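K.L.:
Take a look and give me a structure for this.
(chains A, B, C and D)
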Protein chains: 2
Amino acid sequence: MIPIYLPNPSISIKNINKHTIIDMIRFIPGGVSRIELSQALGITRAGVTTIINDLLAGGVVREMNGSHGRSRRVALEINPQMGLALGIDIGATHISTYLADFSGRVIQESEMRIHIDQGPLPVLAAVDEQIHHVLDLAGVPLSRVSTMGIGVPGPINIDAGMVDTPPIMPGWNRYPIRDELQARYGIPVTLNNDAELGALGEWAYGAGRRHDNLAFVKVGSGIGAGLLLNGQIYRGSTGSAGEIGHITIDDNGPRCTCGNIGCLESLAGGIAIAQTMKKEIRRGQKSILDLNALTEDLSYEHVIDAAFKGDLLAQNIINDAGYRLGTAVASLVNLFNPGIVIVGGGVSVAGDILLEPMRKAVRDRSLAATSSPLTIMTSVLGKRAPGMGAVVQAVSQVLHRQLA
Amino acid sequence: MIPIYLPNPSISIKNINKHTIIDMIRFIPGGVSRIELSQALGITRAGVTTIINDLLAGGVVREMNGSHGRSRRVALEINPQMGLALGIDIGATHISTYLADFSGRVIQESEMRIHIDQGPLPVLAAVDEQIHHVLDLAGVPLSRVSTMGIGVPGPINIDAGMVDTPPIMPGWNRYPIRDELQARYGIPVTLNNDAELGALGEWAYGAGRRHDNLAFVKVGSGIGAGLLLNGQIYRGSTGSAGEIGHITIDDNGPRCTCGNIGCLESLAGGIAIAQTMKKEIRRGQKSILDLNALTEDLSYEHVIDAAFKGDLLAQNIINDAGYRLGTAVASLVNLFNPGIVIVGGGVSVAGDILLEPMRKAVRDRSLAATSSPLTIMTSVLGKRAPGMGAVVQAVSQVLHRQLA
DNA sequence: TATTTATTGTCAAGTCATTTAACATTATCT
DNA sequence: AGATAATGTTAAATGACTTGACAATAAATA
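P.N.:
Take a look at the predicted model:
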């Protein structure tokens, strides 16, 4: 193909080979040798040697398998001791906090339930609490953490570092999340959408390795997708790409929180699954779940749990949600032709009860040429995917920002 | 944003700034000055001067005369006399041939009706005929043409230069289109999908100027979309991205040629429009069109013509097609969040009769945050869009391929 | 076990895109 | 007409990368 060079490249890339080498070393499992780098980049071995010596001197990378000074095929890896990063995944009802080294290994993690609609002040206070909790557990002072990535469930204005008219984050609109955290902790902070971080996390350390085009469909309380296209996070022209949850599935469906009719999210999201279950039980359908026996409100976790225990009603409800998900994913597949669709988020723990009807819907509703080479699977990183993506962004930031 | 550097860049780009400068000069209307280039690329004025001197010496660019501004701003443009390019757009039922200079100005054009299902040999013979026809009209020998771009209505294997299991091109599968033409004419040939060339053409010289993310929806006999994302043509993992025509619109719809049920193309494509019109007339609906009076089979052009003449039945049929198109475009908009959706292809000459119901469907079915900043309009280049895209690819090829 | 071979990595000198820093040219304002 | 600001040019310096010769090792061969 003849590439098109954009009239307005967002950033002028200085040492593009050095940047590429750093990321190849970061993301290729098992490490890369100098000659592999030289072949991939189209520069000579000598050129690679110069760059690698620079990175070795800076402590960014190290040689694997003991230390042959000179040998045949020396694999390189990121030096984990280069620094520590915090990855924070804020969902509608939880905060997950991860402390990881620069190679992406998680050192300590913690989770906490919140409600995002309480607004930024209490939620960011909870984030602060979690950060200190995780650091205490790991016995690491804040001063040793050099970067931080954070994901939230809304469309992001990436330059401003804030959310832009989010459907489900009342009170957060135009709150300066990134700058606030940056000022509070004195380290660089990146702010991203949680689904796009899920895609990035799976691409870096999960099911999406080696895929240039992937979709991460996060099915939790709501439904959103993160897209990685041509090897880059794709955000669209105003940062709200991937809104698969608001594709219309049923013209006669219920009204969605977004104001439209029959959106996928209002039919197959976690909230919808729980509501449907409650409604069906009240209508007298048989189930092992007893609404009166529950101490808390029935949630989609209860439905999934019941399905695993053989409850037919729960299985049917999840099956229907899966088929509807597949209906929307079929549109995505016809339009994007991704190599893999990764299903994450809380509802994805249902596994094939959800995925098999989904795969069927995709087969029924997309071109065979597009759907037959396609893999549809659950997240490898599970609930950690967005948090790991946040770590990746955080580490990218410091590794790429100031290169000599 | 922190960009992610792909582990496997398809081509190692040598003089990236030189490449970028060439394309900025090609595609920014009114020309660009050296200082604008220097600011956009983040290199010094001196660096730009060196590159431009090189391009001036090579005859690739030239200085424009009419200059205005606060100081001696010299605008640069592509040297049209650098060479000639052929752009060829093969559709289901036509071949359009364009002879253009390197600045994209069309010197001569020609159109011919064919049937693509006759297979490659007769169709490529017709292409040859058209090429000589156009060259004769322009009084230019073939030897002065230095490059050629061609578009066909099917998924492309870009490395192989052939179509890959196309739904509507029987007999063409794995025929070496690019290599055949390259051998026949002795000039470099690029092969692309027609819809992606439409997107590229509109981006370069039409409605999509300055847009980083756009969709070109080609509504002709069938329906396909070309996508330009993050400023690059997006093809998906197997080259069949943009198959909007095979999104399911109606679960109770007719069977499509692709084997599935209720595809957009089978409900709103040109063939479907003509068939619906015939069916309704036979059912006794009133229309100014008289099936018996037509010397040829009724086509969608007749329907559009009737609609412009006030025929209510024709208007209603086009209106329905527009709303259905909008249903699919709404999914596209929710997923991609493009800045503009450009509607091209033969049916788009219906204009707002088609587009207004489309816009309504998009409003009804996508998030306001995504659809309100969105422009939906017809192609500026009209039926020339894919051919102009072919010219762009052809010229790109020679300008970028061998740089000192 | 010793020797050969292919592969991988390194070194020093050279090349070339780009920067630095001083200078030249032009349009507009006063 | 002269001042000013913006834009473009030049020559020397910088530094990323290449060239071409050499060194070090694993595996193959003798």
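K.L.:
quick check: longest helix of chain A.
P.N.:
The helix spanning the most residues in chain A, taking DSSP state H as the definition, is helix A:312-336.
K.L.:
Next, the angle helix B:312-336 makes with it.
P.N.:
Compare the direction of helix A:312-336 with that of helix B:312-336 by axes from the mean of the first three to the mean of the last three C-alpha atoms, to 10 degrees and you get 100 degrees.
K.L.:
Does helix A:312-336 reach chain B?
P.N.:
Yes - contact of helix A:312-336 with chain B (C-beta under 8 Å from any C-beta of the partner chain) involves A:327, A:328, A:330, A:331, A:332, A:334, A:335, A:336. Glycine gets a C-beta too; all of them are placed from N, C-alpha and C.
K.L.:
Using JSON lines, lay out these together with distance to residue B:150, pLDDT and neighbour count.
P.N.:
Converted to JSON lines, the residues of helix A:312-336 next to chain B look like this (distance: C-beta to C-beta, whole Å; pLDDT from 0 to 100; neighbours: other C-beta atoms under 10 Å in any protein chain shown):
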{"residue": "A:327", "distance to residue B:150": "36", "pLDDT": "98", "neighbour count": "24"}
{"residue": "A:328", "distance to residue B:150": "35", "pLDDT": "98", "neighbour count": "30"}
{"residue": "A:330", "distance to residue B:150": "31", "pLDDT": "98", "neighbour count": "25"}
{"residue": "A:331", "distance to residue B:150": "30", "pLDDT": "98", "neighbour count": "28"}
{"residue": "A:332", "distance to residue B:150": "30", "pLDDT": "98", "neighbour count": "26"}
{"residue": "A:334", "distance to residue B:150": "25", "pLDDT": "98", "neighbour count": "30"}
{"residue": "A:335", "distance to residue B:150": "24", "pLDDT": "98", "neighbour count": "26"}
{"residue": "A:336", "distance to residue B:150": "25", "pLDDT": "98", "neighbour count": "29"}
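K.L.:
Of those, just say which sits nearest to DNA strand C.
P.N.:
DNA strand C lies nearest to residue A:336 out of these, by C-beta to the nearest atom of the strand, at 33.4 Å.
K.L.:
Would you mind confirming that the closest one makes contact with residue A:214?
P.N.:
No - checked against C-beta atoms under 8 Å, the pair residue A:336 and residue A:214 is beyond contact range at 9.2 Å.
K.L.:
any shared contact partners between those two?
P.N.:
The overlap between the contact sets of residue A:336 and residue A:214 (C-beta atoms under 8 Å, 6 or more residues apart in numbering or on different chains) consists of residue A:227.
K.L.:
Now residue A:224. Nearest residue, chain neighbours left out?
P.N.:
residue A:195 (4.2 Å; C-beta to C-beta, 6 or more residues apart in numbering or on different chains).
K.L.:
helix or strand for the one you found, which one?
P.N.:
Assignment of secondary structure by DSSP states H and E places residue A:195 within helix A:194-205.
K.L.:
next one: that helix to chain centre, how far?
P.N.:
Taking C-alpha atoms, centre = their mean, to the nearest Å, one finds helix A:194-205 lying 3 Å from the centre of the chain it belongs to.
K.L.:
strands paired with the helix or strand immediately after that helix in the chain, and their directions?
P.N.:
Heading C-terminal from helix A:194-205, the first helix or strand you meet, by DSSP H and E, is strand A:214-219. For strand A:214-219, the paired strands and their directions (DSSP bridges) are strand A:223-229 (antiparallel), strand A:340-344 (parallel).
K.L.:
The closest residue to residue A:337 other than its chain neighbours: neighbour count?
P.N.:
With C-beta to C-beta, 6+ apart as the measure, residue B:236 is the residue that lies nearest to residue A:337, at 2.6 Å, once sequence neighbours are left out. Residue neighbour count, defined by other C-beta atoms under 10 Å in any protein chain shown, stands at 23 for residue B:236.
K.L.:
what does the one 4 residues further on give?
P.N.:
Neighbouring residues of residue B:240 were enumerated by other C-beta under 10 Å; the total is 27.
K.L.:
Pull the contacting residues for it.
P.N.:
Residue B:240 is in contact with A:337, A:367, A:369, A:370, B:155, B:164, counting by C-beta under 8 Å, 6+ apart.
K.L.:
The last one and residue B:175 touch, don't they?
P.N.:
It refers to residue B:164. No - checked against C-beta under 8 Å, the pair residue B:164 and residue B:175 is beyond contact range at 11.0 Å.
K.L.:
Tell me the spacing between the closest residue to residue A:102 other than its chain neighbours and residue A:147.
P.N.:
With C-beta to C-beta, 6+ apart as the measure, residue A:82 is the residue that lies nearest to residue A:102, at 4.4 Å, once sequence neighbours are left out. Here residue A:82 is placed at a distance of 11 Å from residue A:147 (C-beta to C-beta, to the nearest Å).
K.L.:
And the pLDDT at residue A:72?
P.N.:
Model confidence at residue A:72, expressed as pLDDT, equals 71.
K.L.:
What is the neighbour count of it?
P.N.:
Neighbour tally, residue A:72, other C-beta under 10 Å: 7.
K.L.:
Which secondary structure state does it sit in?
P.N.:
Secondary structure for residue A:72, judged by DSSP: H, G, I helix; E, B strand; the rest coil, is coil.
K.L.:
any idea how far residue A:33 is from it?
P.N.:
Going from residue A:72 to residue A:33 by C-beta to C-beta gives 9 Å.
K.L.:
Next: residue A:134.
P.N.:
To residue A:33, residue A:134 is 35 Å away according to C-beta to C-beta.
K.L.:
hmm, back to that, which residues touch the residue nearest to residue A:337?
P.N.:
With contacts taken as C-beta under 8 Å, 6+ apart, residue B:236 has the following neighbours: A:213, A:336, A:337, A:338, A:370, B:242.
K.L.:
can you do 6 Å?
P.N.:
Remark: with contacts taken as C-beta atoms under 6 Å, 6 or more residues apart in numbering or on different chains, residue B:236 is in contact with A:213, A:336, A:337.
K.L.:
and what of residue A:289?
P.N.:
residue A:306.
K.L.:
Doesn't it lie inside a helix?
P.N.:
No - Residue A:289 is assigned coil when assessed by three-state DSSP, not a helix.
K.L.:
now the helices for the stretch 251-400 of chain A?
P.N.:
Shown for the stretch 251-400 of chain A, the helices assigned by DSSP state H, counting those that start in this stretch span residues A:264-268, A:270-282, A:300-308, A:312-336, A:352-365, A:368-371, A:385-401.
K.L.:
which other helices and strands contact the second one?
P.N.:
Applying 3 or more C-beta pairs under 6 Å, 6 or more residues apart in numbering or on different chains; DSSP states H and E, one finds that helix A:270-282 contacts helix A:300-308, helix A:312-336.
K.L.:
Please tell me how far the residue of the stretch 251-400 of chain A found nearest DNA strand C sits from residue A:20.
P.N.:
Using C-beta to the nearest atom of the strand, residue A:400 is the residue of the stretch 251-400 of chain A that sits closest to DNA strand C, at 18.0 Å. Residue A:400 is 10 Å from residue A:20, where distance means C-beta to C-beta.
K.L.:
what's the answer for residue A:176, then?
P.N.:
Here the criterion is C-beta to C-beta. By it, residue A:176 lies 32 Å from residue A:20.
K.L.:
same deal with residue A:286?
P.N.:
The value you get for residue A:286 to residue A:20, if C-beta to C-beta is used, is 59 Å.
K.L.:
ok, now residue A:366?
P.N.:
The gap separating residue A:366 from residue A:20 is 34 Å, by C-beta to C-beta.
K.L.:
Please identify which of the two sits among more neighbours.
P.N.:
Here residue A:366 and residue A:20 are set side by side on neighbour count (other C-beta under 10 Å), and the busier one is residue A:366, at 29 against 22.
K.L.:
mind listing what the closest residue to residue A:357 other than its chain neighbours touches?
P.N.:
Leaving out its chain neighbours, the residue that sits closest to residue A:357 by C-beta to C-beta, 6+ apart is residue A:322, at 3.6 Å. Contact partners of residue A:322, counting by C-beta under 6 Å, 6+ apart, are A:354, A:357, A:358.
K.L.:
burial of the last one, as a residue count?
P.N.:
Same thing as residue A:358. As a burial measure, residue A:358 scores 27 neighbours (other C-beta under 10 Å).
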